[in-house]
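**Q** return atomic coordinates for the entry below.
(one chain, ligands or ions: 1)
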Amino acid sequence: MKYYAGIDIGGTNIKTGIVDELGEIVAEDSIPTGADRPQEVVLQDIIASVRGCVSTAGASLSAAGMGSPGAIDSERGVVIRNYNLGWKDFAIAPAMSEALGVPVTLENDADAAALGEVVAGCAKGAKSAMIITLGTGVGSGYVIDGKIFRGCEFGHMVIVHGGLQCTCGRKGCFEAYCSATGLIRMTREAGITEDDGTVNGKTIFDAAENGNKAAAELIDEYIEYLACGIANLINGLQPEVVGLGGGVAKQGESLLAPLREKLRREVFGGFALPRIVSCTLGYKAGLIGAAMAGKNLAASADR
Ligand SMILES: [Zn+2]
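**A** As a prediction, the model looks like this:
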């Protein structure tokens, strides 16, 4: 059995772990990111954490992979810019590679999570899968033939021309409507709140459950936007599986069943609908996927 280190870099925590070649986590750790510190100092913590996992697992590493948010250059293994972490022109993969003595790849965090779901989660064994994360933003990762197709940013595909302002500068992006942030905005605008006046991603679903008709209509509208964006992806890529992750996807079938129904009307011609499912790995997707990206790197180096 071969073993790979996975590192999932987040704004609050960095998760590290050792994953076997089948995608099973055999050791894991989580450390606070401490983003107020210099990037080189954070790197030393990550290296120590990975070494700790290696010793817990009693395994020798074949390769490692990292998943990072922000603008990254995977070819060079450089985080170009990460505003949340304050990282700039950080050649993190080469530095990790030198410290660990194995090849290290750097991927976008949504891409890594998508690969994790394909290896061990909701899209296990699929030839192609699109994983959409409905969180603060809308993340997207496309995996085909077991490999990450780098650089998908379908969150910034426009679904309403001249629509809502998006953080990216365009108007009417998928993300502006379908992120948890977008759903919370719609909920607030409809005057639907929790008892204490706050709104979260679940508020609207709870209200509908309690018989609020306006809430049910708003959910239907939200799912219309979701279907519009996902139909575009299906028409363009025809993935075998579409996996939905993030807080909103926790609604499960009450979200997925009406979504499938709308997609049947939206998807082009006689295209069969892909499997539309919820992601199953949670935070582990990023860890497993990063490690499996390391495995792919090692395999391509062997050829
Ligand atoms: Zn955008």
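**Q** contacting residues for the residue lying closest to residue 116 once chain neighbours are set aside?
**A** Closest residue in space to residue 116, ignoring its immediate chain neighbours: residue 289 at 3.1 Å, by C-beta to C-beta, 6 or more residues apart in numbering. Where C-beta positions appear, they are placed from N, C-alpha and C, glycine not excepted. Residue 289 makes contacts with 6, 65, 67, 107, 111-117, 119, as judged by C-beta atoms under 8 Å, 6 or more residues apart in numbering.
**Q** if we use 7 Å, what do you get?
**A** By C-beta atoms under 7 Å, 6 or more residues apart in numbering, the contact list for residue 289 reads 67, 112-116.
**Q** ok, residue 81 next?
**A** Applying C-beta under 7 Å, 6+ apart to residue 81 gives the contacts 70-71, 88.
**Q** wait, which of these is closest to residue 277?
**A** Of all those, residue 277 sits closest to residue 70, with 28.2 Å by C-beta to C-beta.
**Q** count of neighbours near the closest one?
**A** 18 (other C-beta atoms under 10 Å).
**Q** test my guess that it contacts residue 79.
**A** Yes: Residue 70 is in contact with residue 79 according to C-beta atoms under 7 Å; the separation is 5.9 Å.
**Q** so who does the residue nearest to residue 1 when sequence neighbours are not counted touch?
**A** Nearest residue to residue 1 in three dimensions, chain neighbours excluded: residue 20, at 5.3 Å (C-beta to C-beta, 6+ apart). Neighbouring residues of residue 20 by C-beta under 7 Å, 6+ apart: 1, 3, 26.
**Q** same check, this time on residue 161
**A** Residues near residue 161 by C-beta under 7 Å, 6+ apart: residue 172.
**Q** and it, which of the three is it?
**A** Secondary structure for residue 161, judged by DSSP: H, G, I helix; E, B strand; the rest coil, is coil.
**Q** what ranges does the stretch 101-250 of the chain have for its strands?
**A** 104-108, 128-134, 138-144, 147-149, 241-245 (DSSP state E, counting those that start in this stretch).
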